[in-house]
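Chemist: One predicted model, sequence on top.
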Amino acid sequence: MKLLIGNKNYSSWSLRPWLLLSQLEIPFEEEKLSFNDPEFKTRVGHHSPVGEVPVLVDGDVVVWDSLAIVEYLAETFPDRGVWPRERAARAHARAICAEIHAGFGALREAMPMNCAVRFDWVPRDVRVQRDIARIVAMWSDCRTRFGKGGPFLFGGFSAADAYYAPVVRRFLGFDVKLPDIAAAYAAAVDGLPAMRAWMTAALGEHEFVAVDEPYREPPARASEPPAR
Ligand SMILES: N[C@@H](CCC(=O)N[C@@H](CS)C(=O)NCC(=O)O)C(=O)O
């Protein structure tokens, strides 16, 4: 199996299936494409009709959306625990993944994932604050109702945690103040070995993608840090 992904520093949708595959120790090879590559669309377009990452290629099977990839992995590896084992928990996990797949646009736009940067401000926009409040309530609810067996939303690590890992990165990167239960959850996700490996690779990229950093000026030369 091959997973096409974008820059690790920025690509929140790529992180989701990558983290799931890595953390569940499902063997795969990654192909990383730079968003700055003028051939990006053409290269992804060889596999995907949409031209976006992530894309999973498994022989003749091509899956070009993160949520569809999760479901494909759950079917292909039924014993790996992609979703929680218990039916009600599984339904809940699917619902919260669908919620971010289709929503939280204000948060996603105002607080883009950027692994290499630590911000000292949180956007004040009321829609962003509403998204943050909903996610904190969701995490607290999952941890309280389903999280007894471990530190993650449904106890053991599952696709739901892979889906919220980029949100954890955003909350940590933008220094969002979290209540204890949400802060402990964020620390558990951020400490996952696969998450640490992603972060190390992301921090080693040193590539500035202007469309992903609307809040600061690009560096004068590629080797310099960007202007704030
Ligand atoms: N809903 C899609 C979203 C995929 C997406 O937006 N990918 C972005 C990167 S994170 C992308 O490929 N952008 C490049 C482009 O559109 O040219 C999914 O869940 O996989």
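Modeler: In hand now; what should we look at?

Chemist: could I have the worst-scoring helix or strand of the chain on mean pLDDT exported to CSV, CA atoms only?
Modeler: One helix or strand of the chain scores below all others by mean pLDDT, DSSP states H and E: helix 105-110, with a mean of 93. Extracted in CSV, the C-alpha atoms of helix 105-110 (Å, rounded to 0.1, in the frame of the first residue of the first chain):
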residue,chain,number,x,y,z
GLY,A,105,-14.5,25.5,8.9
ALA,A,106,-13.8,28.6,11.0
LEU,A,107,-11.3,26.8,13.1
ARG,A,108,-9.6,25.2,10.2
GLU,A,109,-9.3,28.5,8.3
ALA,A,110,-8.2,30.7,11.2
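
Chemist: and residue 87, how many neighbours?
Modeler: For residue 87, the neighbour count with other C-beta atoms under 10 Å is 9. Where you see a C-beta, it was placed from the backbone N, CA and C, and this is true even at glycine.

Chemist: quick one: pLDDT of it?
Modeler: Note for residue 87: predicted pLDDT of 97.

Chemist: and the gap between it and residue 62?
Modeler: Residue 87 is 30 Å from residue 62, where distance means C-beta to C-beta, to the nearest Å.

Chemist: that older thread, can you give me the offset of whatever helix or strand comes next after the least confident helix or strand of the chain from its chain's centre?
Modeler: Per DSSP states H and E, helix 105-110 leads on to helix 126-146 as the next helix or strand towards the C-terminus. Taking C-alpha atoms, centre = their mean, to the nearest Å, one finds the center of helix 126-146 at 17 Å from the center of the full chain.

Chemist: Please give me every residue in contact with residue 78.
Modeler: Neighbour list for residue 78: empty [criterion: C-beta atoms under 8 Å, 6 or more residues apart in numbering].

Chemist: Please, which helix or strand holds it?
Modeler: Using DSSP H and E, residue 78 sits in no helix or strand.

Chemist: Give me the contacts around stretch 63-73.
Modeler: 3, 13-14, 16-17, 20-21, 24, 26, 47-50, 52, 54-56, 58, 61, 80, 82, 97-98, 101, 159, 162-163.

Chemist: how about 6 Å then?
Modeler: 13, 16-17, 48, 50, 54-56, 82, 101, 159 (C-beta atoms under 6 Å, 6 or more residues apart in numbering).

Chemist: Whether that stretch contacts the ligand - can you check?
Modeler: Yes - under the criterion of C-beta under 6 Å from any ligand atom, the ligand is reached by stretch 63-73 at 65-67.

Chemist: any weak-confidence spans in this structure?
Modeler: By pLDDT under 70, the low-scoring segments of the chain are 220-228.

Chemist: Can you tell me, leaving aside adjacent residues, what's nearest to the spatially most central residue of the chain?
Modeler: The residue lying closest to the centre of the chain (C-alpha atoms, centre = their mean) is residue 166, at 3.5 Å. Distance criterion C-beta to C-beta, 6 or more residues apart in numbering; nearest residue to residue 166, sequence neighbours excluded, is residue 12 at 3.5 Å.

Chemist: gap between that neighbour and residue 138?
Modeler: 17 Å.

Chemist: picking that back up, would a markdown table of the residues of stretch 63-73 next to the ligand with neighbour count, distance to residue 31 and secondary structure be doable?
Modeler: Converted to a markdown table, the residues of stretch 63-73 next to the ligand look like this (neighbours: other C-beta atoms under 10 Å; distance: C-beta to C-beta, whole Å; DSSP: H, G, I helix; E, B strand; the rest coil):
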| residue | neighbour count | distance to residue 31 | secondary structure |
| --- | --- | --- | --- |
| 65 | 18 | 17 | coil |
| 66 | 25 | 16 | helix |
| 67 | 19 | 20 | helix |
